[in-house]
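Peer 1: Give me a model of this one.
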Amino acid sequence: MLSPNSVYTSKKLGHYIVTILTIIAGSTVVATQINLGNRYRGFTITQLISSYNIFCSIILTSQFVCSVLELWSRFRTLNGQLLESLSCVGRPGLSQLLLGWRKRGNGEDLAARLRRLQHVHLVLQRAAELLQAHVSPAVTFHLMYSVVGIIYGSYELLVVSQAQNRAESMIISPSTSYSLCWLVHHLFDLVALTVSCSILEDEEMQASVLLRRAVGIEETVPQVEAFLRQIKRGPAICFTASGLLPIDRRLLVSAVSAATTYLIVLGQFGLR
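Peer 2: The predicted structure is shown next:
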């Protein structure tokens, strides 16, 4: 069921994300050890906690994002198989215009193929539900930590740039490199979590789009209508932070907006 191209794409994206996470985490650890070591004159418990925190962050983000990308690649293959099966429905010209297929398939055993794809869709939905249940508490805490880290990291950069003479009494470390590394670390974690969930949800919705258009082309295929009813009545894939808010691109926009708002308020009142 899983095509080699989808496997390659999923693994390639996963390797890129893990590599970037490792580089950012390594830079953050080095900046933390250097700046806090210089400030407190030696190794402290704060440095140990920071390093352990970064390590846990890499493990959680990489495992969750790679699992989501694996589901995305399987839904992508499912949609490719569905498109190939539906290409034989209706008149060729209208079917190609609405569905966007490149090569028209044959209509043999269409009902059986669609039934198998229904089963695959159910299995993938169940896999997404299990992943959500397994990681929801940890991901919720990590998202909150990332958002707070973005806000505080932005504030540190503001203090360093606007009130250098008071920076040591207001923030953890009056170092631009230290603040910038932590800000990038938190921001990339948030981007990886939200964007991966969003592309999975978009790919899962593509199946219903294809089926709706196929029903519009020709309404006399019962298995197409049954597949569409299954998707409509079943729960759509939506990763949430313990049911409090959806994890998607809107969360990223909200986090950036919140950070900007707090930064303006803190800049107006906190630096006086």
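Peer 1: For Tyr145, the count of nearby residues, please.
Peer 2: As a burial measure, Tyr145 scores 15 neighbours (other C-beta atoms under 10 Å). C-beta coordinates here come from the backbone N, C-alpha and C atoms, glycine included.
Peer 1: quick one: the helices in the stretch 151-272 of the chain?
Peer 2: 167-170, 176-217, 222-233, 249-269 (DSSP state H, counting those that start in this stretch).
Peer 1: mind giving me JSON lines with those helices and columns for mean pLDDT and distance to Ala25?
Peer 2: Converted to JSON lines, the helices of the stretch 151-272 of the chain look like this (pLDDT from 0 to 100; distance: least, C-beta to C-beta, whole Å):
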{"stretch": "helix 167-170", "mean pLDDT": "61", "distance to Ala25": "25"}
{"stretch": "helix 176-217", "mean pLDDT": "88", "distance to Ala25": "7"}
{"stretch": "helix 222-233", "mean pLDDT": "86", "distance to Ala25": "39"}
{"stretch": "helix 249-269", "mean pLDDT": "83", "distance to Ala25": "20"}
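Peer 1: Would you tell me which one of these is buried the most?
Peer 2: Highest mean neighbour count among the helices of the stretch 151-272 of the chain (mean count of other C-beta atoms under 10 Å): helix 176-217, with a mean of 20.
Peer 1: starting at the chain centroid, how far to that one?
Peer 2: How far helix 176-217 lies from its chain's middle: 4 Å, per C-alpha atoms, centre = their mean, to the nearest Å.
Peer 1: helices or strands up against that helix?
Peer 2: helix 4-40, helix 45-86, helix 92-99, helix 110-162, helix 222-233, helix 249-269 (3 or more C-beta pairs under 8 Å, 6 or more residues apart in numbering; DSSP states H and E).
Peer 1: between the ones you listed, which one is nearest to Phe188?
Peer 2: helix 4-40 (5.7 Å; C-beta to C-beta).
Peer 1: pLDDT (mean, whole number) over that closest one?
Peer 2: For helix 4-40, mean pLDDT rounds to 75.
Peer 1: again, but for stretch 133-151
Peer 2: On average, the pLDDT along stretch 133-151 is 88.
Peer 1: I would like the residues contacting that stretch, please.
Peer 2: The list of residues contacting stretch 133-151 from outside it, by C-beta atoms under 8 Å, 6 or more residues apart in numbering, reads 57, 60-61, 63-64, 67, 182-183, 185-187, 189-190, 193, 239-244, 247, 251, 255-256, 258-259, 262-263.
Peer 1: ok, now stretch 178-189?
Peer 2: 20-21, 24-25, 27-28, 31-32, 35-36, 54, 57, 61, 142, 145-147, 149-150, 153-154, 156-157, 160, 171-173.
Peer 1: again, 6 Å this time
Peer 2: 24, 27-28, 31, 35, 61, 146, 149-150, 153, 156-157 (C-beta atoms under 6 Å, 6 or more residues apart in numbering).
Peer 1: about what we covered before: ranking the helices and strands packed on helix 176-217 by burial, who's on top?
Peer 2: Taking mean count of other C-beta under 10 Å, helix 45-86 is the most buried of those, at a mean of 18.
Peer 1: Which neighbouring elements make contact with that one?
Peer 2: helix 4-40, helix 110-162, helix 176-217 (3 or more C-beta pairs under 6 Å, 6 or more residues apart in numbering; DSSP states H and E).
Peer 1: Distance to Gly90 for the ones you listed - can I get that in a markdown table?
Peer 2: Output for the helices and strands packed on helix 45-86, formatted as a markdown table (distance: least, C-beta to C-beta, whole Å):
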| stretch | distance to Gly90 |
| --- | --- |
| helix 4-40 | 27 |
| helix 110-162 | 12 |
| helix 176-217 | 4 |
